[in-house]
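**Q** return a 3D structure for these sequence lines:
(2 chains)
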Amino acid sequence: MSQAALRIQKISGHAGSVAGEDTQRQDQVCKLVDTTTCIGCKACEVACVEWNDMPFSQTTFDNTYQTMPDTRWNYWNLILFNEHEREDGSLQWLMRKHQCMHCAEPGCLEACPADGAIVQYSNGVVDFQQQNCIGCGYCITGCPFNIPKFNSVTKRVYKCSLCTDRVSEGLEPACIKSCPTGCLHFGTKDDMKDLAEKRAKQLRDNYGFVNAGVYDPPGVGGTGVIYVLHDATRPEIYGGLPSNPSVPLTVKLWKHPLKWIGNLAMVGGLIGLFVHFLKYGPKGRDEEDIARPGGEKV
Amino acid sequence: MSPNDQQAGTPAHPERLTLHHHVLRYNFHERLTHWIAAGSYIYLLATGLAFWSPWLYWMAIVLGGGQISRMLHPWVGLIFVGAVLYMYSLWSRQMRFAPVDKAWWHSLHYYITNQDEKMPPAGRYNAGQKMLFWSFFWCALVLLATGLVLWFTDSLPWSLRWLRYASVILHPIAALVTIANFMIHIYMGVFAERGAFGSVIRGDVSMAFAKRYHPGWYEEIVGSSEPPK
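**A** Residues are numbered from 1 along each chain as shown, chains lettered A, B, ... in the order given. From the prediction side, this is the model:
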């Protein structure tokens, strides 16, 4: 894919500094998904498959409008349909566009051991570079949104690229382009946040959704996809959107304290053994012939 | 018949005595199993360290690339665990802790400072070797269980993701424990105890080695604390 204009600010599994870190003035890009105006037409799903030239795969009918149970390596964008029963017994039909959230602090990138398999561009887009992917699946563990999907033939992992090829040329992502209701917006993070907050206020003040709000979870440093929700206090009802997502604790422990404790212990152990040998030498040196066949004296 | 009833010069296990006043310490099965475990462990160590730190990722490149290392690491892991399980069948009875082991452990400082004559008489395996064996054995089981989760990460449903979360931290912790074992094992076997490395290649050690490091075992073989004529 063409990322001609974009520099890379974070690289997975990379030793040393990153050439593109803080070297380019770029707005952080952001998708805004207004779940209150989504009609579930799935034009964005089709546009994603079309633009990214992905091979078709079988859909699943499970008595809802949902195309399949989950995203796939070749299906990056899925509308989740949820029938939610409110306390007063009335029904609410919730539709949420589910795709990579493009976290500012991506768990996939943090967990990845392969140099350059996951990168974050200076505009905030998180992109997989499959030629560097080793297929270990650590990104699947690192992601709090269940996004990276494994292709068992290529043994690599795939996900939404936020149409990097389009965005780097100044175009909006394919899903945004195809939305007929204007529920999807694309722009800078600041602009999208403003717009989202305005819409949430409108929902609170004029439409009786007292808990309406914006989903931009701080646990992953904020996301490059933000939602307007009718009820921002319960994101789980929108097909399991986590209320306070973060990089899994064990991934953080493994990548930070354990790594440094382990490295210090390994290097310290080597030095310790060497110093021990310098001080005490081999055992049994008073019996020089001990290891010589036939020559030992006890 | 206790070993002490034996006359000096009539060994209890003459079949273990080899030429030039040597005694067989590891038979062919034991040596082969050791080297299958050792070879597979070194490969696992190199590729595992490559995935552990970006600073060591070059080791995966040297060994054929990241994808190849990712593909082979689990299979070689199965070989390693297989060798460890076979070692269990060979040695688990001899590795049981005996009363002398507690005394040996309390005298560890003499062992570390090479005052081996002050050590309580160890049997075929001293307390440290037993600890190493059990540590490797349990770590191998943890590495197998967590390794299977990491191998088939993509097949686990989202509802079982806690298995992935547990595995990504337990796999490196168990590996680090084996690395500590491995470093001490190499140091003792190659550098500190002369004759130990040869014993796992050729199989035998000198009488002096047996008597110095494993007096209990020496008596068991020779039938006396005195060397045979």
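**Q** the helix or strand harbouring A:Ile79: what's the following helix or strand?
**A** In the assignment (DSSP states H and E), A:Ile79 maps to strand A:78-85. Per DSSP H and E, the first helix or strand lying C-terminal to strand A:78-85 is strand A:91-98.
**Q** and that next one, anywhere near chain B?
**A** No. Using CB under 8 Å from any CB of the partner chain, strand A:91-98 stays clear of chain B, coming no nearer than 12.4 Å. The way it works is simple: take the backbone N, C-alpha and C, and place the C-beta from them, glycine included.
**Q** what angle separates that strand from strand A:78-85?
**A** 160 degrees (axes from the mean of the first three to the mean of the last three CA atoms, to 10 degrees).
**Q** can I get strand A:91-98 as PDB, trimmed to CA atoms?
**A** Coordinates of each C-alpha in strand A:91-98 appear next as PDB, following Å, rounded to 0.1, in the frame of the first residue of the first chain:
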ATOM      1  CA  LEU A  91     -37.100  -2.500  22.600                       C
ATOM      2  CA  GLN A  92     -34.100  -0.600  21.300                       C
ATOM      3  CA  TRP A  93     -32.400  -1.700  18.100                       C
ATOM      4  CA  LEU A  94     -28.700  -0.900  18.400                       C
ATOM      5  CA  MET A  95     -26.400  -1.000  15.400                       C
ATOM      6  CA  ARG A  96     -22.700  -0.500  15.700                       C
ATOM      7  CA  LYS A  97     -20.100  -0.400  13.000                       C
ATOM      8  CA  HIS A  98     -17.300  -2.700  14.400                       C
END
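**Q** now for it, which elements pack on it?
**A** Packing partners of strand A:91-98 (3 or more CB pairs under 8 Å, 6 or more residues apart in numbering or on different chains; DSSP states H and E): strand A:78-85.
**Q** contacting residues for the closest residue to A:Gly137 other than its chain neighbours?
**A** Spatial nearest neighbour of A:Gly137, chain neighbours left out: B:Thr153 (3.5 Å); criterion: CB to CB, 6 or more residues apart in numbering or on different chains. Applying CB atoms under 8 Å, 6 or more residues apart in numbering or on different chains, we find B:Thr153 in contact with A:136-138, A:140-141, A:150, B:164.
**Q** one more time with 6 Å, if that's ok
**A** By CB atoms under 6 Å, 6 or more residues apart in numbering or on different chains, the contact set of B:Thr153 is A:137, A:140, B:164.
**Q** can you give me the strands in chain B?
**A** With DSSP state E as the criterion, chain B has strands at B:17-18, B:22-24, B:204-206.
**Q** what would those look like in a markdown table with distance to A:Glu50 and mean pLDDT?
**A** Converted to a markdown table, the strands of chain B look like this (distance: least, CB to CB, whole Å; pLDDT from 0 to 100):
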| stretch | distance to A:Glu50 | mean pLDDT |
| --- | --- | --- |
| strand B:17-18 | 76 | 75 |
| strand B:22-24 | 73 | 88 |
| strand B:204-206 | 73 | 89 |
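**Q** so which of those strands comes closest to chain A?
**A** Minimum separation from chain A across those (CB to the nearest CB) falls at strand B:204-206, 4.5 Å.
**Q** name the nearest residue to A:Asn146, sequence neighbours excluded.
**A** Excluding the flanking residues, the one nearest A:Asn146 by CB to CB, 6+ apart is B:Trp158, at 5.0 Å.
**Q** surely the one you found touches A:Phe145?
**A** No. If you go by CB atoms under 6 Å, B:Trp158 and A:Phe145 don't touch, sitting 10.0 Å apart.
**Q** so if I had to pick from the two, which one is more boxed in?
**A** Taking other CB atoms under 10 Å in any protein chain shown, B:Trp158 and A:Phe145 do not tie; A:Phe145 has more neighbours (22 against 10).
**Q** from A:Asp34, how far off is the more buried one?
**A** Distance, A:Phe145 to A:Asp34, using CB to CB, to the nearest Å: 19 Å.
**Q** now the lengthiest helix in chain A: average pLDDT?
**A** Secondary structure assigned by DSSP state H gives helix A:259-280 as the longest helix of chain A. Helix A:259-280 carries an average pLDDT of 97.
**Q** circling back to that earlier point, type out the ChimeraX command that picks the buried ones from the contacts of B:Thr153.
**A** Buried members of those, defined by 16 or more other CB atoms under 10 Å in any protein chain shown, are picked up in ChimeraX with:
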select /A:137,140 /B:164
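**Q** in JSON lines: the contacts of B:Thr153, plus distance to A:Lys198.
**A** Below are the contacts of B:Thr153 laid out as JSON lines (distance: CB to CB, whole Å):
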{"residue": "A:Gly137", "distance to A:Lys198": "40"}
{"residue": "A:Ile140", "distance to A:Lys198": "36"}
{"residue": "B:Arg164", "distance to A:Lys198": "39"}
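**Q** re the thing from before, show me what counts as buried in the longest helix of chain A.
**A** For helix A:259-280, burial by neighbour count (16+ other CB under 10 Å) applies to A:262, A:266, A:269, A:273, A:276.
**Q** can you dump the C-alpha coordinates of it into PDB?
**A** The C-alpha trace of helix A:259-280 is given here as PDB (Å, rounded to 0.1, in the frame of the first residue of the first chain):
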ATOM      1  CA  LYS A 259      11.300  -8.000  30.400                       C
ATOM      2  CA  TRP A 260      13.600  -5.800  32.400                       C
ATOM      3  CA  ILE A 261      13.800  -8.100  35.400                       C
ATOM      4  CA  GLY A 262      14.400 -11.000  33.100                       C
ATOM      5  CA  ASN A 263      17.100  -9.200  31.100                       C
ATOM      6  CA  LEU A 264      18.900  -8.000  34.300                       C
ATOM      7  CA  ALA A 265      18.700 -11.500  35.700                       C
ATOM      8  CA  MET A 266      20.100 -13.100  32.600                       C
ATOM      9  CA  VAL A 267      23.000 -10.600  32.200                       C
ATOM     10  CA  GLY A 268      23.600 -10.600  35.900                       C
ATOM     11  CA  GLY A 269      23.600 -14.400  36.000                       C
ATOM     12  CA  LEU A 270      26.200 -14.600  33.200                       C
ATOM     13  CA  ILE A 271      28.400 -12.000  34.900                       C
ATOM     14  CA  GLY A 272      28.000 -13.700  38.300                       C
ATOM     15  CA  LEU A 273      29.000 -17.100  36.900                       C
ATOM     16  CA  PHE A 274      32.000 -15.600  35.200                       C
ATOM     17  CA  VAL A 275      33.200 -13.800  38.300                       C
ATOM     18  CA  HIS A 276      32.600 -17.000  40.300                       C
ATOM     19  CA  PHE A 277      34.900 -18.800  38.000                       C
ATOM     20  CA  LEU A 278      37.500 -16.100  38.200                       C
ATOM     21  CA  LYS A 279      37.400 -16.300  42.000                       C
ATOM     22  CA  TYR A 280      37.100 -20.000  42.700                       C
END
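**Q** is any residue of it near chain B?
**A** Yes. Residues of helix A:259-280 contacting chain B under CB under 6 Å from any CB of the partner chain: A:262, A:269, A:273, A:277, A:280.
**Q** distance check, B:Phe182 against A:Glu105.
**A** Going from B:Phe182 to A:Glu105 by CB to CB gives 35 Å.
**Q** understood, closing this out.
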